[in-house]
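Peer 1: Predicted model, plus sequence, below.
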Amino acid sequence: MKTFLLSALLVISFFSGFTQINLQTEPAHFTAKGNPIITNKYTADPAAFVEGDKLWLFAGHDFEGGQKNYKMKDWLVYSTSDLKNWTEYPVSMKITDFKWAKSGDAFAGQAIKRNGKYYWYISTNWSGIGVGIADKPEGPYLDALGKPLLTNKDCFDSKHSWACIDPSVFIDNDGQAYIFWGNRECYYAKLKENMIEIDGEVKRINFDGLDYTEAPWIHKRNNLYYLSYVTGFPEKIAYATSKSPNGPWVYKGVLNEIAGNSNTNHQAILEFKGEWYFIYHNGGIQTDGGSYSRSICIDKLFYNKDGTIKRIVMTSEGVN
Ligand code: FUB
């Protein structure tokens, strides 16, 4: 019976072009035809870094359309050298790899490289933030700690169960690593060189104009630090700047509008081959895309001469 159900699911998945469970065992290749860039799966909560010639994209994996809430059981990894031709890797990390994550939800994360290892910080809804560790960007990733790095207890000003989500990590030029996270309230802390221990106190971020929902992302350009984050609901992206990752932060305004057909937006910002990119998700796959079946998109990001960022123009053509 079990075998019959699995075969039926595979047949349905094959003909619909979508899979909720990923049985891929080898890297697969595809060409993006604009936004959304991935069309055989629903992907959300992008994070990315550049290593050598390649941009590595880390994604959440939404179930197919018609869901009433987030259903995400694993995370996906992609790479590209030109933002057009992509490689998709076999699933290298699942929520069940984090045995302590009783919530069972594979929420947003961000991966980063340090000392030859790759660390993928992930959220699990209400069970806390965990860290996956791997020898290669595509994984496989193992639970580095066997317990959460951060939990709701670290979110000292928050009362709701999903406060401890959306980790974002950043290593400054002096080697100091930071982790930012939070829903409704934004927190940050230093990470030790080993990347799996918090160094010192957890602090809450606050500044004039901050109306914070979730999804912090830190990047640096010309010695200026940028903290972008989700504001409002349905979500827009706003940002602030500072001369230090420790603040004080100065609010700079809205960066991206509500992303079509999705309540959430969740950005990553980075430079790749001399250009800056804004990676986010929308609910743009017709007819089944939506707030719980999202799709990652990439558009260009431009700065003004004074270092402020121009509003993002979301496009269906993308960056090809
Ligand atoms: O994907 C689940 C949650 O939706 C993420 O953790 C948030 O950032 C929002 O995109």
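Peer 2: Here it is on my side, so go on.
Peer 1: What parts of this structure come near the ligand?
Peer 2: 44-45, 60, 70, 107-108, 123, 165-166, 214-215, 264, 266 (CB under 6 Å from any ligand atom). The C-beta positions use only the backbone N, C-alpha and C, and glycine is treated the same way.
Peer 1: start to end distance for stretch 285-293?
Peer 2: One end of stretch 285-293 sits 8 Å from the other (CA to CA, to the nearest Å).
Peer 1: Residues contacting that stretch, please?
Peer 2: By CB atoms under 8 Å, 6 or more residues apart in numbering, the residues outside stretch 285-293 that reach it are 36, 39, 42, 62-71, 261-264, 282-283, 295.
Peer 1: Any of those residues buried? List them.
Peer 2: 36, 39, 42, 62-65, 67, 70-71, 261-262, 264, 282-283, 295 (16 or more other CB atoms under 10 Å).
Peer 1: Just flag the most distant two among those residues.
Peer 2: Between any two of the buried ones among the contacts of stretch 285-293, the greatest separation by CB to CB is 20.1 Å, found for 39 and 70.
Peer 1: Kindly indicate which of the buried ones among the contacts of stretch 285-293 lies nearest residue 317.
Peer 2: Closest to residue 317, out of all of those and judged by CB to CB, is residue 36, at 11.8 Å.
Peer 1: ok, of the buried ones among the contacts of stretch 285-293, which one's closest to residue 190?
Peer 2: After measuring the buried ones among the contacts of stretch 285-293 against residue 190 - CB to CB - the closest member comes out as residue 264, at 28.0 Å.
Peer 1: tell me the secondary structure for that closest one?
Peer 2: The three-state assignment at residue 264 reads coil, by DSSP: H, G, I helix; E, B strand; the rest coil.
Peer 1: Provide the backbone phi and psi angles at it.
Peer 2: phi -110, psi 170 (degrees, to the nearest 10).
Peer 1: isn't it right next to residue 230, touching?
Peer 2: Yes. Shown here, residue 264 and residue 230 form a contact pair, counting by CB atoms under 8 Å, at 7.2 Å.
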